[in-house]
Structure formats: C-alpha cells, structure tokens
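Peer 1: I would like the atomic coordinates for the input below:
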Amino acid sequence: MKNPSPYLKMQVLGAIEFAEGRSIRERIKQVSQTTFHDEEDRPYRFTWRTIETWLYRYKLHGVTALEAKGRSDRGKPRKVSPEQVQEAINQVLPIFRAGGATTKAEIYRACIERGLLRQEQIAPNTFRRIVHEFGMLDPIAETTNKKRLAFSKLYANQMWQADTMFGPFVTNGRRPVQTKLICFLDDASRVVCHGEFFFNENVDSLTRALRSALYKRGVPEVIYVDNGSIYTSKEITLICSRMGCVLAHAPVRDGAAKGKIERFFRNVRGAFLCRDLDLSSLAVLNRQFIGWVEDEYNNKTHSAIGMKPVDRFGLNLDRVRFLPPNEITDELFFFEEDRHVKKDNTLSLKSRRYEAPRDVRGKTVQVRFDRQRCDRVIVYHKGERLGEAKLLDRVANDRAPKAAKSGDPSPVGTGGAS
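Peer 2: Presented below is the predicted three-dimensional model:
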C-alpha cells in the first residue's frame, strides 16, 4: 500500500498513546507489531520507522501533513502532450493504406522518421500507452462515447444510493468521538430518504438507518452500495431479500459510480457542517441534521432536476410501496440464526432458554430477533412462521394445565427441563 489513507494513519498514531513501553520508541515498536484495518477492512502492518516518520510529521505540521500528496503531473506525459501525439498521428496516417492493418509500432516509427516526434521526447511504450488510453486509433463512432455516462432513473424508488461519510466529533461520555453519517438517497428525485449520524459504523447502525428510510419513503427496487463490510453483510442481504429489494454493489474502489450520494455528501460538508452546530450529543446533532434535510435540502430546487426533490418524489407516489408500521413488518429487520431444538422442545439464544411455539423437537429452526433488545423471538422452520417463542418458565411447567385431567400425560415441553 503506497499511500495509506489519513484515516488509517490516524488509527496507527492513536494506538501509540495506549501501547506498552517506557519510551516513545518502545511504544512505536510495539504498535508496529499490531495489525490495523482500513476503511475496506483490509489488514495492514507498518514498520516502526514508517510510524515514527508519520508521528514526526504529525507533530511538526499537523493532520494535513498526513495526507498523501500525489504528483501534480500524475497521468500526464512529462515531455510530450497527448495533443502533440494526436497531431503527429493524424499527419502520418494518410501514408498507410486505407483499411489496412496498422500497428502502433509502425505509426511510432513513421512519426520518428518524419521528425514529428523525437525518441528522447517519448519512448515506444509511452507512445503505445497514450494511444491506448485516449483511443487515438479507435473509430470516430467509438471515441465520441464517454467512458462514464451520466444516468438517472425514470421513477422514484427505482434505485437508492447509500454510503457512509465521516462526520464531526461529538461528546460521548468523557471524550469526543468521530461520528459516521449513513445516508440513503433516491436516484430519480434526489430526495434524501433518511440520514443519521452514529458513533459506530456497524450492521446495527445500518439496519436502524435502513429501517427509518423504508418507513419514510417506501421500498426501492434496488439499493446501490459499495463493498464495505457492513454493506456486504449477511444481515443486510437477508433484509433486502425479505423486502423483495435487490442489493447491488458498485465496482471495487470506484467511488464515482455512486456520484449522486457523493455529491450530496459534498453538500453536507459545505452547507451543513460549516454551521455553528450544537455537538453536545448525538441526538442533538441528528435533530439538527434532519431539520436541515427536510426544511432546506428536500424543499429546495435541485439544479439537476429543476424542481424540489420532495415534489419530484411525489410525482410517483402511485408507484411507491410503503410498509405498514406493525409488529409483522418489524420482523423483516430482525437478525436470523439457526438453532437446534432440544428433546424438551426448548432452544437457547443469548444465554437464555426459550420454548418453541410448536413441536419441533430434534429439528433445526431459524430464529429471528432484534439484536438490540431481544424481547421477541420468532421461530421459522422451512420458511414457515411457527410463532413467537416464550421464555422458559420451569415453575409454571411444573404445574399441570387446568384443562388437563390427572391421568393425562404432560404436554410437550413441560417438566424435566433442567
């Protein structure tokens, strides 16, 4: 990794303060033995000399010095411009037979022989690279097409774009913690379906934001995301499949593929985060953000569509599939795990015992539950919803039901569970 991101560098420098060692050199060497993960959850290790250099630059110049500075002429020829190459090619092409096979090496040699280009100006490999990169020998019909075409969906909720942005530091307990903004944007109307700041970028945070977006704006046909760990998790994939929604992923390391959500994040930085915000708590920050989104962004004419995003979204309300707010709908967002039912018709979940709603002794079932509260546990078997499991009450099971006769055997799941 030639140029680690500022996020990864600050993660490494932050570990120095908590590392073991009597001197700064010993702590740096201790950190060099630690594995760190970047924004895409890829593992990295760095030598102690590299970490020492980062720390020196940070103390001398501040955070900005950690940003990798690319060359100003990166991607550009240093001795000859693409325009010069194209002009030389245009002058030598007429000497070749029309329609005949012409190689880049022959064209390069012709340009050198006629003095249109000099060998010390451009090497053969550089010539071939420039010709290939700019399509100088491609047919005109092909070269007029753009490498990336701007697109927009025809109807609202045909596609949402989602991504995460690093936000401001907010007090969490005794110390400030950097927040993460998870946001969903409708492609056709540019309306912000929902956006929320979190302290942690994990599956629970994404599920909470997605649930709010779906209840507000309905179910989209496609959700377009990147390849981050939370966006490729099993939980989010299951939620989308239950909704009948396609979860599509952008090409790896291609941020421009989600240009609309990236453009919105730039608007957040330039129009919202630049304000004198109250950063005393996460709840206060989210109230300010939602107010800005609903009162200003969604209700302000968007230059790309020529109308307010909320009005553009309203043109397709007849196509929007809204979710009814009830307990059955909430189950769509529950996490799912496999559990084996014991011989007494009970199963274990989060160190607690539950009684299955039906007789499924000895079988493997799927349980869905809210991972944050775990107050409702729904049991499924082969795609069929069996019902809600109840916490095991051994004392109640020790008493025979009133309707049962004294000679009747104990019902399934009662007595003997220990």
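Peer 1: what about the strands in the stretch 1-150 of the chain?
Peer 2: 36-37, 43-44 (DSSP state E, counting those that start in this stretch).
Peer 1: Comparing those strands, which comes out most buried?
Peer 2: strand 36-37 (a mean of 14; mean count of other CB atoms under 10 Å). In this view, the C-beta of every residue, glycine as well, is placed from N, C-alpha and C.
Peer 1: Quick one: list the elements packing against that strand.
Peer 2: For strand 36-37, the contact count by 3 or more CB pairs under 8 Å, 6 or more residues apart in numbering; DSSP states H and E identifies helix 6-16, strand 43-44 as packing neighbours.
Peer 1: Sheet partners, orientation included, of the shortest one?
Peer 2: Partner strands and pairing direction for strand 43-44 (DSSP bridges) are strand 36-37 (antiparallel).
Peer 1: So which of the strands of the stretch 1-150 of the chain is nearest residue 335?
Peer 2: Smallest distance to residue 335 across these (CB to CB): 23.0 Å, for strand 36-37.
Peer 1: And stretch 217-233, how far out from the chain middle?
Peer 2: Here stretch 217-233 shows a centroid-to-chain-centroid distance of 7 Å under the convention CA atoms, centre = their mean, to the nearest Å.
Peer 1: And it, end to end?
Peer 2: Across its full length, stretch 217-233 reaches 23 Å between end residues, using CA to CA, to the nearest Å.
Peer 1: tell me the mean pLDDT over it?
Peer 2: Averaged over stretch 217-233, pLDDT sits at 89.
Peer 1: State the number of residues packed around residue 327.
Peer 2: Residues lying near residue 327 (other CB atoms under 10 Å) number 9.
Peer 1: Show me the helices in the stretch 201-350 of the chain, by range?
Peer 2: Assigned by DSSP state H, counting those that start in this stretch, the stretch 201-350 of the chain shows helices spanning 203-217, 234-243, 259-271, 282-292, 309-314, 327-330.
Peer 1: would TSV of those with distance to residue 379 be doable?
Peer 2: Converted to TSV, these look like this (distance: least, CB to CB, whole Å):
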stretch	distance to residue 379
helix 203-217	21
helix 234-243	16
helix 259-271	38
helix 282-292	35
helix 309-314	38
helix 327-330	14
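Peer 1: Out of those helices, which gets nearest to residue 187?
Peer 2: helix 259-271 (6.2 Å).
Peer 1: can you list contacts of the closest one?
Peer 2: Residues outside helix 259-271 that contact it (CB atoms under 8 Å, 6 or more residues apart in numbering) are 150, 161-163, 165, 181, 183, 185, 187, 190, 192, 255-256, 292, 296-297.
Peer 1: Lowest average confidence across the strands of the stretch 1-150 of the chain, which one?
Peer 2: Among those, strand 36-37 scores lowest, at a mean of 82.
Peer 1: How far does that strand sit from its chain's centre?
Peer 2: That offset, for strand 36-37, works out to 17 Å (CA atoms, centre = their mean).
Peer 1: contacting residues around residue 44?
Peer 2: Residue 44 is in contact with 1, 4, 8, 35, 36, 37, 38, counting by CB under 8 Å, 6+ apart.
Peer 1: Distance check, it against residue 81.
Peer 2: Distance from residue 44 to residue 81, counting by CB to CB, to the nearest Å: 37 Å.
Peer 1: Check residue 375 too.
Peer 2: According to CB to CB, residue 375 stands 67 Å off from residue 81.
Peer 1: Residue 356 now?
Peer 2: Using CB to CB, we find residue 356 at a distance of 74 Å from residue 81.
Peer 1: Neighbour count: these two, which is higher?
Peer 2: Neighbours were counted for residue 356 and for residue 81 using other CB under 10 Å; residue 356 has more, 26 against 12.
Peer 1: quick one, phi/psi of the more buried one?
Peer 2: phi -70, psi 150 (degrees, to the nearest 10).
Peer 1: now swap in the one 5 residues further on and tell me
Peer 2: Torsion angles at residue 361 (phi, psi; degrees, to the nearest 10) stand at phi -60, psi 130.
Peer 1: What's the local residue count around residue 134?
Peer 2: The number of residues packed near residue 134 is 14, by other CB under 10 Å.
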